[in-house]
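**Student:** below: sequence and its predicted model.
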Amino acid sequence: MLKQLLILISFIVLAPSIGNAQIEQLENICSLYFPPEYITDGQEYFAPLKPDQKIEFRTTFFGDNTYRVVACTNIRKGKLVFSVFDTDKNLLFTNESFDYSPFWDFKFTSTVTCIIQVDVKNPKFIPGYVMLLIGYKQ
Amino acid sequence: MLTTRTIKILTLAFSLILLIGCKGSENKDTAPLVAEDSIDTLSTLIKFDNSVFPLPSPWQVASLIKKVNIPYNENFVNKPDKYQNYTTSFKQALNLGIYGTDISYLNIYEKIQESISYLGTIRKLSEELGVTQAFDPKVFEAVERNINNRDSLTRIIARAYANSDTYLKTNDRNDIGSLIIAGGWIESMYILTQIVQTNNHREIINRIGEQKHPLDNLIELLTPFYYKSSEYSSLIDDLIDIAYEFDGVIYSYTYREPKIDPEHNLIIINSQSRVIMSEYHIQIISKKIGALRNKIVE
């Protein structure tokens, strides 16, 4: 009983700093796929994973630009899937077809608003974070 | 039954929690917090507070201006010494976003001395807002080293803004982060709408018209803070008013099969969109953006 209580208390006390550490760790992982010729949009997008839930991001990509999308997770062994749809729900791209590549470049000939879905494929749920970085090519 | 030893351990543990809690409330900048999310209970998708991308980022607008070769106009940017007028965190955050766009604008015209001055202003505002971690001395040293390299400067500044965004999100200060983004977007729109007053460049007009969805995203980003204060509600109301004008912009979209180049990890999105914007809408949106922007910088 006491042991369980102490574990619970430790979790409450330490969980926030674990969260921050995980985000820092994620930044380091994602940055590997973000070369200097890509300029970040000034934001970093991260979210904790929940069982049986996908994470959705929405963005507008502007015409005559090439963007790099990087999606990464700190869950080891988990396969991160990111898929890009237009607002009519047409699938434009999924990294599932390309060996779960953590990054892909998107060349837009015209401006398109997209929905990006991120999910981690794992036989059983493991808590962790996902991060998405978007940058345009200078 | 709990033994005396157990009670002592529990008392110590709970005191520790209380101590950490009190410390956190004293100084919010140091309060550790896990990124927030708000679960959409109607579906299995998580849509969390920072899930929107109110593009174009200031750096992208600067790139477009550079591409269409429009002369520099010093009246488009906010004066750097005005930061002293901004005494509330609301105004400081919005103007930190505005100065971020301004420095990108200056950078494309290689206005080095002016950029240094704006950088000083950005540093002061970031100190006031407690986001010095993002704009730490290393950032300024990197800027000094790359002062003659326009592309590197853009990259360093964009990185610093991204770091501040992450810092604010992880420290439960999404309101401030959202205001910085809003300021950046408003100033980008202000510069674009000022440019079209004298240059009817099609690409610039299209870029203004394409802001319909990003503006909706921006409003969605700010809406959770609507009742935080009258300043927030007034800002959101002004943006909603502008969004109504955007309803008059005709936007069409046609899906076309994309082309994949797996060898280069590249996909070419061939879908096409088209914007039709009347002169009336260009002028009314320009007027309303100008009024909002001037209210923020005054």
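**Tutor:** Arrived safely, thanks for sending.

**Student:** for the rest of this, base every contact and every neighbour count on C-alpha atoms.
**Tutor:** OK.

**Student:** residue A:114: what secondary structure?
**Tutor:** strand (DSSP: H, G, I helix; E, B strand; the rest coil).

**Student:** quick one: least confident helix or strand in chain A?
**Tutor:** helix A:2-31 (a mean of 61; mean pLDDT, DSSP states H and E).

**Student:** my error: substitute chain B in the last question.
**Tutor:** Per mean pLDDT, DSSP H and E, bottom of the list for chain B is strand B:45-46, a mean of 35.

**Student:** how about residue B:153, what does it touch?
**Tutor:** Contacts for residue B:153 (CA atoms under 8 Å, 6 or more residues apart in numbering or on different chains) come out as B:107, B:143, B:146, B:147.

**Student:** any idea how far the third one is from chain A?
**Tutor:** For residue B:146, the distance to chain A (CA to the nearest CA, to the nearest Å) stands at 14 Å.

**Student:** burial measure for that residue, as a count.
**Tutor:** 15 (other CA atoms under 10 Å in any protein chain shown).

**Student:** in terms of helix, strand or coil, where does residue B:147 fall?
**Tutor:** coil.

**Student:** hmm, it is touching residue B:113, no?
**Tutor:** No: judged on CA atoms under 8 Å, residue B:147 makes no contact with residue B:113 at a distance of 9.5 Å.

**Student:** ok, the two, which is more surrounded?
**Tutor:** A direct count of neighbours by other CA under 10 Å for residue B:147 and residue B:113 places residue B:147 higher, at 19 against 11.

**Student:** just give the nearest non-adjacent residue to the residue in chain A that chain B sits nearest to, would you?
**Tutor:** Closest contact between chain A and chain B, by CA to the nearest CA, is at residue A:42 (4.1 Å). Leaving aside its sequence neighbours, residue A:42 sits nearest to residue B:162 (CA to CA, 6 or more residues apart in numbering or on different chains; 4.1 Å).

**Student:** just say helix, strand or coil for the one you found.
**Tutor:** At residue B:162 the chain is in helix, as set by three-state DSSP.

**Student:** number of nearby residues for it?
**Tutor:** Using other CA under 10 Å, residue B:162 has 21 neighbouring residues.

**Student:** report the contact partners of it.
**Tutor:** Contacts of residue B:162 (CA under 8 Å, 6+ apart): A:40, A:41, A:42, A:43, A:44.

**Student:** just the ones of those in strands?
**Tutor:** Secondary structure assignment by DSSP state E places residue A:40 of these in strands.

**Student:** dump the contacts of residue B:162 into CSV; add pLDDT and distance to residue B:177 as well.
**Tutor:** Below are the contacts of residue B:162 laid out as CSV (pLDDT from 0 to 100; distance: CA to CA, whole Å):
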residue, pLDDT, distance to residue B:177
A:40, 80, 16
A:41, 74, 14
A:42, 70, 11
A:43, 71, 9
A:44, 73, 11
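
**Student:** returning to that earlier point: overlap in contacts, residue B:147 and residue B:113.
**Tutor:** With CA under 8 Å, 6+ apart, residue B:147 and residue B:113 have no common neighbours.

**Student:** could you list the contact residues of the stretch 151-298 of chain B toward chain A?
**Tutor:** For the stretch 151-298 of chain B, the residues in contact with chain A (CA under 8 Å from any CA of the partner chain) are B:151, B:154-155, B:158-163, B:165-166, B:170, B:210, B:213-214, B:253, B:255, B:257-258, B:262, B:265-273.

**Student:** rerun that using 7 Å as the cut-off
**Tutor:** B:155, B:158-159, B:161-162, B:165-166, B:170, B:214, B:258, B:265-273 (CA under 7 Å from any CA of the partner chain).

**Student:** just the residues you listed: which are in strands?
**Tutor:** B:266, B:267, B:268, B:269, B:272, B:273.

**Student:** most neighbours among those residues, please name it.
**Tutor:** The most crowded member of those, judged by other CA under 10 Å, is residue B:269 (23 neighbours).

**Student:** what's near enough to touch it?
**Tutor:** A:106, A:107, A:108, A:109, B:258, B:259 (CA atoms under 7 Å, 6 or more residues apart in numbering or on different chains).

**Student:** can you rerun that using 8 Å?
**Tutor:** Residue B:269 touches A:92, A:106, A:107, A:108, A:109, A:110, B:256, B:257, B:258, B:259, counting by CA under 8 Å, 6+ apart.

**Student:** how about residue A:35, phi and psi?
**Tutor:** Residue A:35 adopts backbone torsions of phi -70, psi 160, taken as degrees, to the nearest 10.

**Student:** ok, residue A:130 next?
**Tutor:** According to degrees, to the nearest 10, residue A:130 has phi -120, psi 150.
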